[in-house]
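**Student:** Give me a 3D structure for the following:
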Amino acid sequence: MQIVNINKVKPGDVLGKSLFNKKSELLLSSGYELTEDMINLMLSKGISFVYVMNELTKDINPEEVISSTVREITNQKMADTFAGVEKNLAFEKFAPENIKKQLEDNRKLKKIVNMPAVKKVVGEVLEDIVERQAMMFSGLQMKSTDGQDYEHAVDTTVISILISRQFRYDYSEMKILGSAAIVHDIGKMAFKELRNKPINEMTADEKMIIREHPIYSKMILEASDPEAYVEQAVVMQHHEMDNGRGYPAGLKGFGRPPTRERGKDAGFIHRYAEILAVANVYDNLISGTFDGETYPPDRAILKLVNGEAGVWNKAVVNALVRVVQCYPAGTTVRIKDNASKSFVGYRGVVAKVNEDEQSKPTVILIQNTMGAEITPKLVDFSAERYMTIELDM
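**Tutor:** Numbers count the residues shown, from 1 in each chain. Below is the predicted model:
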């Protein structure tokens, strides 16, 4: 299969993977020959990329961290959870200073999030990751704007778990981290008109409300699961930065990798929150909710490494680099440069990911430097001394 930008999909292309709406209802089934109406439907749902089947890429099977079944079940559970918060809480009418009081006084909070059910679905995600021995996340933005909120929660959870595996977290640690990650933005659900509004279009009060959403998330979680102390702390701190310039409390990082050996986190950002923060920012960068621009995986990671997207625990950022596939199997890339100067400027489809050096994958070359189609040629670039490629999606 090949991953194709929705703007490049043509009538007659065959859909490689089924598409579902936010209620997990089937929109389009795999194997269908796409029509102009079907493509317009996908565009209306804000879908950026789809899997397409063709003879050239029939043997390419893009890897998935979790199975389609587990993902759809998880998406549905979280869509229902978020819808419950959105339905029962509506704070646009309140001034920022009154929101906390309204939350404290709202008895419905105790019933608004079924945390046992949330933890159960996180356990299913975690078990699927472990069973599949997944170590890397396909970095390309595959979610739709139609389900952006809950899909962000699920993807951030998956990325957090994969990062934690780099630090040898045990099952119970990963489950606690995952349970916090999947509800980290639950406080935003009460602000339907604000949560997807560009920051530069917000009023001062609106910016304050959004900046305090970790507090609201923590309060909702505290009411729903009073004994989930660690999850509450992690949710509260997922926007705290290593240099103390994050929010809402301005905590600083511990200055060491987020392992249990470093000791207690009292007075510093919790180690789980350091992982969640990086996973959250990365997913925001590739989905366009960080600053309004949608970044490809390699540029998103570069912004994190260079400190252009905040100052985070360096060990966690380095772990993110190891778990994100910048050039997943099925994506189209352009060869920018390499030591042998072979096929520079050619375009092709990644057939096999090189997990040791992602910029040196195995590629099915399909176009020359002029963009003209050539007889497909499979080339393994792993032996190149140096090489740079870029997504051409």
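
**Student:** When you work out contacts or count neighbours from here on, use the C-alpha atoms and nothing else.
**Tutor:** Fine.

**Student:** Domain ranges for this protein, per the record?
**Tutor:** Residue ranges for the domains of the chain, per automatic domain parsing: 2-53, 68-325, 332-391.

**Student:** possible to save those domains as JSON lines with mean neighbour count?
**Tutor:** Below are these laid out as JSON lines (neighbours: other Cα atoms under 10 Å):
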{"stretch": "domain 2-53", "mean neighbour count": "17"}
{"stretch": "domain 68-325", "mean neighbour count": "19"}
{"stretch": "domain 332-391", "mean neighbour count": "18"}
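
**Student:** Out of these, the one nearest residue 60 is which?
**Tutor:** domain 332-391 (5.9 Å; Cα to Cα).

**Student:** for the nearest residue to residue 251 once chain neighbours are set aside, helix, strand, or coil?
**Tutor:** With Cα to Cα, 6 or more residues apart in numbering as the criterion, residue 251 has its nearest non-adjacent residue at 4.9 Å, and that residue is residue 244. Under DSSP: H, G, I helix; E, B strand; the rest coil, residue 244 falls in the coil class.

**Student:** separation between residue 244 and residue 253?
**Tutor:** Distance of residue 244 to residue 253, computed by Cα to Cα, to the nearest Å: 7 Å.

**Student:** Please apply the same query to residue 130.
**Tutor:** Distance, residue 130 to residue 253, using Cα to Cα: 29 Å.

**Student:** related to what we said a few turns ago, was I right to think the residue nearest to residue 251 contacts residue 254?
**Tutor:** No - with contact defined as Cα atoms under 8 Å, residue 244 does not count as touching residue 254 (10.5 Å).

**Student:** hang on, the earlier thing: in CSV, list the domains of the chain along with distance to residue 59 and mean pLDDT.
**Tutor:** Formatted as CSV, the domains of the chain follow (distance: least, Cα to Cα, whole Å; pLDDT from 0 to 100):
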stretch, distance to residue 59, mean pLDDT
domain 2-53, 10, 85
domain 68-325, 18, 87
domain 332-391, 8, 94
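
**Student:** Make JSON lines from those domains and add distance to residue 60 to it.
**Tutor:** Output for these, formatted as JSON lines (distance: least, Cα to Cα, whole Å):
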{"stretch": "domain 2-53", "distance to residue 60": "7"}
{"stretch": "domain 68-325", "distance to residue 60": "14"}
{"stretch": "domain 332-391", "distance to residue 60": "6"}
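
**Student:** Next up, the contacts around the closest residue to residue 269 other than its chain neighbours.
**Tutor:** Nearest residue to residue 269, sequence neighbours excluded (Cα to Cα, 6+ apart): residue 253, at 5.2 Å. Neighbour list for residue 253: 241, 242, 243, 244, 268, 269, 274, 312, 313 [criterion: Cα atoms under 8 Å, 6 or more residues apart in numbering].

**Student:** Out of these, flag the one nearest to residue 229.
**Tutor:** Using Cα to Cα, these come closest to residue 229 at residue 269, 14.3 Å.

**Student:** got the contact list for the closest one?
**Tutor:** Contacts of residue 269 (Cα under 8 Å, 6+ apart): 237, 240, 242, 251, 252, 253, 254.

**Student:** any idea which of those residues is closest to residue 353?
**Tutor:** The closest of those to residue 353 turns out to be residue 242 (Cα to Cα; 32.1 Å).

**Student:** ranges for the helices of the stretch 201-350 of the chain?
**Tutor:** 204-211, 213-224, 229-236, 271-287, 297-305, 314-323 (DSSP state H, counting those that start in this stretch).

**Student:** want to throw these into CSV with distance to residue 85?
**Tutor:** Converted to CSV, the helices of the stretch 201-350 of the chain look like this (distance: least, Cα to Cα, whole Å):
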stretch, distance to residue 85
helix 204-211, 16
helix 213-224, 9
helix 229-236, 16
helix 271-287, 20
helix 297-305, 30
helix 314-323, 31
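
**Student:** So which of these is nearest residue 158?
**Tutor:** The nearest among the helices of the stretch 201-350 of the chain, by Cα to Cα, is helix 271-287 at 8.7 Å.

**Student:** Using PDB, write down the CA coordinates of that closest one.
**Tutor:** Output in PDB follows, covering the C-alpha atoms of helix 271-287 (Å, rounded to 0.1, in the frame of the first residue of the first chain):
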ATOM      1  CA  ARG A 271       8.900  12.200  35.300                       C
ATOM      2  CA  TYR A 272       5.700  10.900  33.700                       C
ATOM      3  CA  ALA A 273       4.600  14.400  32.900                       C
ATOM      4  CA  GLU A 274       8.000  15.100  31.200                       C
ATOM      5  CA  ILE A 275       7.200  12.200  28.800                       C
ATOM      6  CA  LEU A 276       3.600  13.200  28.200                       C
ATOM      7  CA  ALA A 277       4.700  16.800  27.500                       C
ATOM      8  CA  VAL A 278       7.000  15.800  24.700                       C
ATOM      9  CA  ALA A 279       4.500  13.400  23.200                       C
ATOM     10  CA  ASN A 280       1.800  16.100  23.400                       C
ATOM     11  CA  VAL A 281       3.900  18.800  21.700                       C
ATOM     12  CA  TYR A 282       5.000  16.400  18.900                       C
ATOM     13  CA  ASP A 283       1.400  15.400  18.100                       C
ATOM     14  CA  ASN A 284       0.300  19.100  18.200                       C
ATOM     15  CA  LEU A 285       3.100  20.000  15.800                       C
ATOM     16  CA  ILE A 286       2.200  17.300  13.200                       C
ATOM     17  CA  SER A 287      -1.500  18.000  13.500                       C
END
